[in-house]
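>>> Attaching a predicted model along with its sequence, questions to come.
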Amino acid sequence: MATIRNIAEMIQAKPASDGDGVKLLRVFGGRGPERFDPFLMLDEFGSQEASDYIGGFPSHPHRGFETVTYMLEGKMEHRDHMGNVGLLGDGDVQWMSAAGGIIHSEMPKQTQGRMRGFQLWVNLPASQKMRPASYSDVKAADIPEYTLDGVTLKAIAGVTMVNHHKVIGYFTEVDTQPVYLDVCLAAGQAITLPADAEHTALVYVFEGSVTIGAGDVSLSSQHLARLDDRGDIVIVNKTQKPARLLVLVAKPLREPIVQYGPFVMNTTAQIEQALADYRSGTLGMAS
């Protein structure tokens, strides 16, 4: 009989503000990042009120990790010091590897209506933190979508099995082998997917409610479950309404994490170097 992962920790997303006053929910991030390794942070943003998002995220630096922005609704423009410009719309995904350094902005391209989505931070291994930065925009129509007996899902990243069907995400060549799925479970439906032993597994519900694991523990909207480190992931919707959730699985790096704002490195000296490079205007510049 297969082992089933249970919930090791449950977290409620908390109101926060970032950028130029953008209101959001911080799902996790900050203290104790090792238990989410290699994931560093997850934010959910969403509002019908333009005043909650109109300030956007003016020009700012990053080094040492990757950001994944997934837009459910709305329009957001990316610009960076390498000359990249990209407009994210409904269902689009941006994968940015800050690596050795990038300076970019993320600004709304709407003055009314709903803006909604997620930003996930994924750490890079020490050997890759100083490689050249890269950037990719993917349109919603290019994100693989699967319908499996009452379960629909969008596969942003990774290769896995869901209900005995192979699922291949758009991004598969990523250092930490992440699986990133947006799953919609109809009433009464369930998903089972394997995860390698000791790989980090997270489930974040953003609509409805589900139960997880052999313990049949309920996880409601705007709550994250960090699962224990062995066995299959089993998620069931026992309610009469659809549920929607993110499933995140990845290989932990097990390396030191030193973070100072937008820089995530392995030592304090590397953080000090990142600050010095940014102040001198050399962050992200080819050597």
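Nice, I can see it. Numbering: from 1, shown residues only.
>>> Quick one: classify the residue most central in space within the chain as helix, strand or coil.
Taking CA atoms, centre = their mean as the criterion, L120 is the residue nearest the geometric centre of the chain, at 2.6 Å. Here L120 is recorded as strand under DSSP: H, G, I helix; E, B strand; the rest coil.
>>> quick one, what contacts it?
Counting by CB atoms under 8 Å, 6 or more residues apart in numbering, L120 touches 39, 41-42, 67-68, 70, 180, 248. Any C-beta I mention is one placed from the backbone N, CA and C, and that applies to glycine too.
>>> same question, G215
Applying CB under 8 Å, 6+ apart, the residues near G215 are 6-7.
>>> now it: how far from V151?
For G215, the distance to V151 equals 22 Å [CB to CB, to the nearest Å].
>>> repeat for G284
For G284 relative to V151 (CB to CB), the value is 41 Å.
>>> what bridges to V138?
According to DSSP bridges, the partner residues bridging V138 are V93.
>>> Looking at it now. What's its pLDDT?
As predicted, V138 sits at a pLDDT of 97.
>>> Burial check on it, number of neighbours?
Residues near V138, counting by other CB atoms under 10 Å, number 18.
>>> picking up where we left off before, so in terms of bridging, what pairs with the residue nearest to the centre of the chain?
Counting by DSSP bridges, L120 forms beta bridges with L42, V68.
>>> where does the residue lying closest to N123 once chain neighbours are set aside fall, phi/psi-wise?
Of all residues beyond its chain neighbours, the one nearest N123 is P38 (4.3 Å), with distances taken as CB to CB, 6 or more residues apart in numbering. Dihedral pair for P38: phi -100, psi 10, per degrees, to the nearest 10.
>>> Tell me who's in contact with P38.
By CB under 8 Å, 6+ apart, the contact set of P38 is 122-123, 176, 178, 200, 250-253.
>>> of G284 and V151, who's got more company?
More crowded of G284 and V151, by other CB under 10 Å: G284, with 22 against 19.
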